[in-house]
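Asks: Fold the following.
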Amino acid sequence: MPEKLFTLEEAIALLPVIRQMLREIQQRKQDLEQRTARLDGLLASTSVNGHHATNVAAMRQELQGAATQLQQLRNELDATGAVLKGIDDGLVDFPSRREGRVVYLCWRLGEETISFWHELDTGFAGRQPL
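Replies: Okay, here's the model as predicted:
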């Protein structure tokens, strides 16, 4: 069972914070993917001519820093009690109680408010209107 259960009102009140955190997580993830692509390209050119060893080490260090920052942001979001289900899609669930059982209040970045819920095991495809 999740540590925190939200009422609909509590989850809606948290949305401004979650929106901001999620946008930052998305930006950090995109940055991490770009850095990874640059490192891959550098590694490919290094294997051909043997140069760039210093650049590879520096880029790996940058990549590790970016990954650490992303993980810290995810940890901050987790600390709110909300559950990040998809970075790219901006999916966040809020554990809640409905008719005596634990369910998720379901929200996606771009939606004005929380208007859906789903069972713990059905995911986004099982969303139902509140």
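
Asks: Could you check how far Lys16 is from Gln61?
Replies: Actually, residue 16 is Pro. It isn't Lys. Going from Pro16 to Gln61 by CB to CB, to the nearest Å gives 34 Å. Heads up, the C-betas are built off the backbone N, CA and C, glycines and all.

Asks: What ranges in the chain fall below the confidence cut-off?
Replies: Applying pLDDT under 70 to the chain flags residues 1, 45-54.

Asks: following the host helix or strand of Ala37, which helix or strand shows up next?
Replies: In the assignment (DSSP states H and E), Ala37 maps to helix 8-49. For helix 8-49, the succeeding helix or strand toward the C-terminus, using DSSP H and E, is helix 53-79.

Asks: tell me the angle of that next one relative to helix 8-49?
Replies: Relative orientation of helix 53-79 versus helix 8-49 (axes from the mean of the first three to the mean of the last three CA atoms, to 10 degrees): 170 degrees.

Asks: Now do the contacts for the residue positioned nearest the centre of the chain.
Replies: Of all residues in the chain, the one closest to the mean position by CA atoms, centre = their mean is Ile87, 3.8 Å from it. Residues in contact with Ile87 (CB atoms under 8 Å, 6 or more residues apart in numbering) are 22, 25-26, 29.

Asks: and what of Leu15?
Replies: So Leu15 contacts 107, 113-114 (CB under 8 Å, 6+ apart).

Asks: what about it, distance to Leu77?
Replies: 12 Å.
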